[in-house]
Structure formats: structure tokens, C-alpha cells
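1. Here's my sequence, what's the structure:
(2 chains)
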Number of protein chains: 2
Amino acid sequence: MAAAEEGQWVLMATGRSPTNIAVIKYWGKRDEALILPVNDSISVTLDPDHLSATTTVAVSPSFPSDRMWLNGKEISLSGGRFQSCLREIRKRAQDVEDEKKGIRIKKEDWGKLHVHIASYNNFPTAAGLASSAAGLACFVFTLGKLMNVKEDHGELSSIARQGSGSACRSIYGGFVKWCMGKNNDGSDSIAVQLADEAHWNDLVIIIAVVSSKQKETSSTSGMRDSVETSPLLQYRAQTVVPERVLKMEEAIKSRNFESFARLTCADSNQFHAVCLDTSPPIFYMNDTSHRIISLVEKWNQSEGTPRVAYTFDAGPNAVLIAPNRKNATILLQKLLYYFPPQDNDLSSYMVGDKSILSDAGLKSIEDVEALPAPAETKMPSQKFKGDVSYFICSRLGAGPKVDTDESLALIDSVTGLPKGV
Amino acid sequence: MAAAEEGQWVLMATGRSPTNIAVIKYWGKRDEALILPVNDSISVTLDPDHLSATTTVAVSPSFPSDRMWLNGKEISLSGGRFQSCLREIRKRAQDVEDEKKGIRIKKEDWGKLHVHIASYNNFPTAAGLASSAAGLACFVFTLGKLMNVKEDHGELSSIARQGSGSACRSIYGGFVKWCMGKNNDGSDSIAVQLADEAHWNDLVIIIAVVSSKQKETSSTSGMRDSVETSPLLQYRAQTVVPERVLKMEEAIKSRNFESFARLTCADSNQFHAVCLDTSPPIFYMNDTSHRIISLVEKWNQSEGTPRVAYTFDAGPNAVLIAPNRKNATILLQKLLYYFPPQDNDLSSYMVGDKSILSDAGLKSIEDVEALPAPAETKMPSQKFKGDVSYFICSRLGAGPKVDTDESLALIDSVTGLPKGV
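-> Reported below is the predicted structural model:
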């Protein structure tokens, strides 16, 4: 099987995949097993420096079974979704040769070898920031690299889709469309890149991670309930979304922020409307989410044209998209006026691109306290300290890539186990 | 003009009209001026002892203009809606004779006489409890009595509709359907009684008046925005509601609480879904509303069949409908566990039918504090003291009626002005 005589070698690959946030939402499957959606969706890929999953996949004849660790903790691989991805990639495995290590694996041998997978998110898993999208995309991408899979990104996206629907969109950077497809076997339900991250690189993304004590409905069970009980879901999928997808593609192509923002906000709200139309109703947004929307809407209305877009996934966090740095800094000032940090510690209140703080003239908590009340919001000038856990400032980013620096691997090349475990 | 020589007489009528709460919602007009809706709606009329408007209408040759007072404060009558109702009732005025007072008004003279109107709600106006429905229905009903209008309830409902859409449903007791009608002049957009309050008199209604600091979107401007911007509204109006109305009529006819409850909850949620699908989105429910829904949904799910229905109008207050006293007392125990009174004063925390408290074994604040956490709700056992302002316990009630006891009149029969002003 392997040229290295004693069979104690470990071969590894490490990759990093971005997370993505949908601007035209995916909500509802027409096939639960294959994860085929009821409508197309469009997303932006976020900068992996700020929000990404890193995964190391190792193979060794000494591994008696497939195992996986997420953020250092072993998790079960028995779920159908991991198994689907593993099976589909193994099927496409090719001969692999590592001359330096003297390892050779023939494609027919992959079926007999087990893998160890270690994955790590550089952002909180539970924060509802599409960690499963980044994680599954990374799993598929990195496994494919290890097994020398030759298939193109479209086919990889189709495999990632079977792990977690929205993961298929994390196979590309920039602007990505997940085409729902028509085939029953899902072969045409793949992601395509609409434009890369350089196409519209002024966009600034600010995420408000909203504190929540409520346990949220998982998106898997939530969308199943919506498909079964919401009278509005099919109308949305069949009539509203197709038109919005065309308009969104046009808005992205022409970098028309007004159209992009209107579509993004309307589609986020409609997704949450369908959740509310579900029985029992699903509430992902809370009062803090509503306040952030009001703040943005009032600003946009007072300017007569959208200054910022918002979108919310299956949780209360706001993802705010500004067309440029200037609008982003004004937005940040407005946000921090209403949502100052709980513990007065400004530096840990902003993660990702922290330089936005100084751009907004906010160098200390005193600067935050001195912010004027936004003129256009006729809200009572009440503040909501502690209702936002922290902010992330990011931008558009690239798709998955291989980390060739072996020191970045999450698995020890001798033991075949996660480092530090 | 009048037999009483000196022209200093005052002739009065006093009436009382109930409020109503829709179980199939009215949201969206097809004609703004005539107030013609985009779909039928169905409501229950609440007991006027707990929630009603009382109105005295006075006429005197000494009044130089039409004037109106609401809860003791003079308000403008110049709004188109009051004017529509005044005009329509005046048009139908008949000869009136009060032999005791020696007053005779001929129908052709009504156009030259002015009226004073005093109205009073026995519940907070700003609490979002359909005060305008009760008020406008009472205005039309009482004005009609004073002017000896012979038209039937259907025609009165059509006039009240032009004052405030949902007011047309307050012209009857029990279960009421507002038929949207087809005619452009609105002549067939009237309310009809489906069943009187005796038909299903086990129903118990508990209203949680939810504290809210946010200014709410008025229903008039909210539904206009929804008609103009929500892609889901027309689908709801044309496809979803007609079927629900038929099922709801059947559920009411057969007193099928399971079907009644499922339809009521689903339709409330869909109305709020359409609000969320509006641009900018409208949020009437807040986190407290969501928690009350979760509490009810978890209870209903754990029992396998609905124990209680909920519905929310254009505000955060929950209207909860129980099929009988037993379920209502269990509901109250669950509600008070999570929402104890802010100031520990139990007696002012329940208005309307206060006897529900002792039925639920709650005689003191200690009894509330000793309530066990509801078993089925896996919420953290956090409590939300102060998030509900107070509760109202009520039941179904009758339509408008005349108060013949002149001591109950809100206007002084000598001065023609509101008493105590």
C-alpha cells in the first residue's frame, strides 16, 4: 500500500475555508437527504483572516477508524452529513505520492485507509455565524487535496452541499450563487462564482454579535418545519426569489449599492417572515436585532438612499454591509452610541479589522461616551449597554486555500492526533 | 325647529360598544378612502364590562359647532374619518320627538344642528387594545340612536367601517365576520354576526398588556406600507385567507377549539410575518410577546393538542383564548410564574374578572412566588418581572347597547359639555 515500509507514516493536508453570508437567503429543502434547496441563493464570502475554518486531514495506515476533533474536542463522525462528504471524496480519490516522505497511496487503497480530521474556527462556533458552512467546506476541500481529487470547484461545492447546504457557497471567494438545480440526483445543484472579491472591494462588513439567552431553533429543523407548515414559503421560493436573484446578480455586476442594499434587506426580512409564518413560529431576531434594523432604516430613510444594508441569518446577529469605509465609520458611531461595551473595554469590543475604530475617531471609551445621539433616530435616547457582545469588522474575501506550512497543521505529524490534545 | 321654545334644550343619547379582537386578521386596504379591505376577517367581541367605549352624543340649537372629547380631553373632529361617519349618519337621520322634554326635531333640520360627543374607554387607550374600533363603533351607534336612524346593523357596520375598519366588527356581539365585499362603493363591505356570545360561552380570554418603550407604527400607515411593499401580502389575502375563513367559520359553528386555536395562532403569526415582509419592516411583537408565544406553544405541544390560542394585534399585547376556565387558570399560573408583578401588588395586576386569581389558587404574592416552573418549558427558569404591565381576564360579550340611565351620560344635560370638565 505504501512505500514507507513500516506503515507508521502520517500524511496530512491543511486548508482554510471562509464563511459566507447569504444576501438572498436559502430557506427550505426540496430533498432532505441530498440537501437540495427550494430556491437559488446568493452570498458574499467573508475574509478568512476574520472568519474561517482551518482543517487538517491526516491519513495513516495506523489509524483504526475515522475520527474528528472540532476546536480540540472529539466529535462524532457518524452523522449522515459527514459520511456523505467522506464517501463522495473517497470515491474520487486518486493516486498520491509524497516523494520526500517516501509515501505512495494508490487510488484503490483509499477505501482501506482511515482519516483523522481536526478543525478549528477562528470565531465562536455558537455565535450563529455560519460556522458549519465554513467547516464543511473546509472538510471537503482539504480532504479533496489530501486524496488528490481532480474535480473542479463546482463538483466540490456539490459535495460540500451534502454536508451543509450553505457550505457549497464557501467553496468560492467574492460573490457566489448556489443554483438550486433541477435534477433529482442533485448533480446540478452547485455553487458558481458571480464575481471575485476584487470586483467590489470597497464593501465593509460589520457584524454585531448579539447577546442571546434563548436557545435557538437549529436551521436544519427550522427549515424543515417551514417547508411543512408555512403557506408563504413556496410562494416566496417560486415567485419572489427568482426575480430577486436576477436583480441581485445585476446589482452585483454593476456594483449598484442601492439595489444591492434594498434587495439584501428585503430578503433578510422575508426569510424571517417565513420563519414567523411557520408553526410553531420561529423567532431568530430579538429586540436588539430589531433596534439595529430601526437604526439602519431610519438612517437610510433620512438620507433618501441606503447607506448600509443589513442581513440576519438563523440567529440574532446583525451583518451590516457598507458600500465604503466612510459609511462604515458613521455606522459604527451610531451603533456604539446605542450599544456601548458592557465592561467599558473598547479594544476587545471590536475584533477583525480593529482599525475601523480609529477611523471612526474612537480611541477610548471616553470617545464612545462622547458620541452624539444620531439625529435621525427619534428613538428615546436610551442606551442598550451589554445587548451586543462584540463587533467584528471584516470585508469580502477569497475562497478556500491550502496551507503548505506544516507548522500550521492542527494534527501532529508523528502521533496523528490533534496538537495539544 | 324644535318645540322647546327658547332653543336652550339639550337632547342626548348614550351608548356603549365593545372592543373586538380579530382571529383572522384584517391587514391591508384595497381602497384607502372607503376603508375596503383586501380580505375577509373574523373577530370575537369582548365583554363590554371589561373593554368598551361609552359615548354620549348631545344635540342642541345652542351648539355653534361639532365638538368631541375623548377621555375628558377635547380632540379634533376635523379628521376625514369622523366626518365620514357624521355625514353618513346625518344623511339617514329621521324625525325625533322627545315628548317629556317637549323637543321635536324634523329630519330635514339635522343638517343645521351641531353635536357634542364625549367618549370614554374603560381601558387604557394607548394599550393597543382596539380602542378605536370600540370608539368609532360607539360613535356611529350612539349618533344613530340620537338621530333615530332606522338602518339595520349591517348598514351601521358599513358606516362604522369608514371611521375605522375594524370598528364595523364591534357592531355585533359574539363572533363576527367582516365580509370584504366586491362593490367599488363599499356597499357590500359589511359585518355579519356568525354566532352570538351565548353560542360558545365557555371561552375565557386573558390579555397580557405588555410593557413597551418603543413607539409603534400606527396600523393605518403600517398596512398602507404593507400593501405597497410586501410581496407576500396579496398572496396571503387572495390565497391563504379565503380558505382560513371557511375553516374558521366551521370551527366556530362546531365549537371545535383545536381547529379554532390552530387557525387563530397561524393567522396572527402570518399577519406579523407580512409586517416583517414590509419595507421598512414593522415589528409589533417584542421579546416578551415571543416568550408568551413560546410558553403557549410548548404547553400545547406537550399536550399534543392546543390548550390555549394566542393572537396579537398591532402591538406587543398577547390576547390568549382558553376553551374553558380550567385551562385559563393553568395558563394564568404559567404566565405568572414567568411574569410576576413588578411591585408585588397582585390585586392591581389583574383587572376585569379578578376571580380567576382565586380560581388559580393565587390569593397573595406569596402564592405567585411559590408557583412551580412549568415542566414543559425548557426555558431557563429566568423570570421576567415587570415585562407585563398587567393582565385582563374577560370573556365574549354582546354588541352595542343604549344606556337609558341618564345619570350615566358623559355630557351634562344643562351645559351640553362633558361632566367634570
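2. can I see the domain layout of chain A?
-> Residue ranges of the domains in chain A are recorded as A:11-196, A:204-394, according to automatic domain parsing.
3. any idea of the mean pLDDT for the last one?
-> Per-residue confidence for domain A:204-394 averages out to 94 on the pLDDT scale.
4. what about it, start to end distance?
-> End-to-end distance for domain A:204-394: 6 Å, by C-alpha to C-alpha, to the nearest Å.
5. Can you name the residues that contact the most centrally placed residue in chain A?
-> For chain A, the residue whose C-alpha lies nearest the mean C-alpha position (C-alpha atoms, centre = their mean) is A:Thr19; its distance is 2.8 Å. For A:Thr19, the contact set (C-beta atoms under 8 Å, 6 or more residues apart in numbering or on different chains) comprises A:45-46, A:51-53, A:123, A:129-131, A:133-134, A:170. In this view, the C-beta of every residue, glycine as well, is placed from N, C-alpha and C.
6. and A:Lys150, how many neighbours?
-> By the other C-beta atoms under 10 Å in any protein chain shown criterion, the neighbourhood of A:Lys150 contains 10 residues.
7. Alongside chain B, which residues does the stretch 251-400 of chain A contribute?
-> For the stretch 251-400 of chain A, the residues in contact with chain B under the definition C-beta under 8 Å from any C-beta of the partner chain are A:262, A:265-266, A:269-270, A:272-274, A:276-281, A:283, A:286-287, A:290, A:293, A:297, A:301, A:378-380, A:382.
8. redo that, cut-off 7 Å
-> Where proximity means C-beta under 7 Å from any C-beta of the partner chain, the interface of the stretch 251-400 of chain A facing chain B comprises A:266, A:269-270, A:272-274, A:276-277, A:279-281, A:283, A:286-287, A:290, A:293, A:297, A:380, A:382.
9. Narrow those to those that are buried.
-> The neighbour-count test (16 or more other C-beta atoms under 10 Å in any protein chain shown) marks A:266, A:269-270, A:272-274, A:276-277, A:279-281, A:283, A:286-287, A:290, A:293, A:297 as buried among those.
10. Wasn't A:Lys101 part of a strand?
-> No. With the criterion set as DSSP: H, G, I helix; E, B strand; the rest coil, the secondary structure at A:Lys101 is coil rather than a strand.
11. Just give the nearest non-adjacent residue to it, would you?
-> The shortest distance from A:Lys101 to any residue that is not its chain neighbour, by C-beta to C-beta, 6 or more residues apart in numbering or on different chains, is 6.1 Å, and that residue is A:Trp9.
12. could you point out the longest helix in chain A?
-> Longest helix in chain A by number of residues, with DSSP state H as the criterion: helix A:257-276.
13. which residues are contacting it?
-> By C-beta atoms under 7 Å, 6 or more residues apart in numbering or on different chains, the list of residues contacting helix A:257-276 from outside reads A:23-25, A:27, A:222, A:226, A:230, A:232-233, A:236, A:240, A:244, A:247-248, A:251-252, A:281-282, A:284-285, A:305-306, A:309-312, A:321, A:323, B:232, B:269, B:272-274, B:276-277, B:279, B:281.
14. picking up where we left off before, show me which of the contacts of A:Thr19 neighbour chain B.
-> The overlap between those and the neighbourhood of chain B (criterion: C-beta under 7 Å from any C-beta) is empty.
15. In helices, which of the residues you listed appear?
-> Checking the contacts of A:Thr19 against DSSP H, those in helices are A:131, A:133-134.
16. want to throw those into a markdown table with distance to A:Val209, neighbour count and pLDDT?
-> Below are the ones in helices among the contacts of A:Thr19 laid out as a markdown table (distance: C-beta to C-beta, whole Å; neighbours: other C-beta atoms under 10 Å in any protein chain shown; pLDDT from 0 to 100):
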| residue | distance to A:Val209 | neighbour count | pLDDT |
| --- | --- | --- | --- |
| A:Ser131 | 12 | 22 | 76 |
| A:Ala133 | 17 | 28 | 90 |
| A:Ala134 | 16 | 33 | 92 |
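17. just the residues you listed now: which is nearest A:Ser347?
-> Of all these, the one with the least separation from A:Ser347 (C-beta to C-beta) is A:Ser131, at 24.1 Å.
18. gap between that closest one and chain B?
-> With the distance defined as C-beta to the nearest C-beta, to the nearest Å, A:Ser131 ends up 23 Å from chain B.
19. gap between that residue and B:Gly79?
-> A:Ser131 sits 54 Å away from B:Gly79, taking C-beta to C-beta, to the nearest Å as the criterion.
20. next one: A:Tyr310
-> According to C-beta to C-beta, A:Tyr310 and B:Gly79 sit 36 Å apart.
21. Ok, A:Ser294 next?
-> In this structure, A:Ser294 and B:Gly79 are separated by 28 Å, where distance is defined by C-beta to C-beta.
22. Of those two, which one has the most company?
-> Here A:Ser294 and B:Gly79 are set side by side on neighbour count (other C-beta under 10 Å), and the busier one is A:Ser294, at 18 against 11.
23. Find the helix or strand that that one is a member of.
-> Secondary structure assignment for A:Ser294, by DSSP states H and E: helix A:287-303.
24. Return the distance of the next helix or strand after that helix from the chain's centre.
-> Beyond helix A:287-303 on the C-terminal side, the first helix or strand identified by DSSP H and E is strand A:309-311. Strand A:309-311 sits 15 Å away from the centroid of its parent chain (C-alpha atoms, centre = their mean, to the nearest Å).
25. what packs against the next helix or strand after strand A:309-311?
-> Secondary structure here is assigned by DSSP H and E; on that basis, the next helix or strand after strand A:309-311 toward the C-terminus is strand A:318-322. Contact partners of strand A:318-322 among helices and strands, from 3 or more C-beta pairs under 7 Å, 6 or more residues apart in numbering or on different chains; DSSP states H and E: strand A:204-210, helix A:287-303, strand A:309-311, helix A:325-338.
26. residue ranges of the helices in chain A, please?
-> Using DSSP H, the helices assigned to chain A run over residues A:80-91, A:131-146, A:153-161, A:219-229, A:233-235, A:241-253, A:257-276, A:287-303, A:325-338, A:355-359, A:365-369.
27. B:Val38 is nearest to which of those?
-> When those are ranked by proximity to B:Val38 (C-beta to C-beta), helix A:233-235 comes first, at 15.5 Å.
28. hmm, that closest one in reach of chain B?
-> Yes. Part of helix A:233-235 sits close enough to chain B to count as contact by C-beta under 7 Å from any C-beta, namely A:Tyr235.
29. So A:Asn121 is in contact with A:Ala53, correct?
-> Yes. Between A:Asn121 and A:Ala53 there is a contact at 5.2 Å, judged by C-beta atoms under 7 Å.
30. Now do the shared contacts for those two.
-> Counting by C-beta under 7 Å, 6+ apart, the shared contacts of A:Asn121 and A:Ala53 are A:131, A:134-135.
31. Of those, just say which sits nearest to A:Asp98.
-> Taking the shared contacts of A:Asn121 and A:Ala53 together and measuring to A:Asp98 by C-beta to C-beta, the closest member is A:Gly135, at 26.0 Å.
32. what sits against the closest residue to the closest one other than its chain neighbours?
-> Once its chain neighbours are removed from consideration, A:Gly135 has its nearest residue in A:Ala53; the separation is 4.5 Å (C-beta to C-beta, 6+ apart). A:Ala53 makes contact with A:17, A:119-121, A:131, A:134-135, A:138, according to C-beta under 7 Å, 6+ apart.
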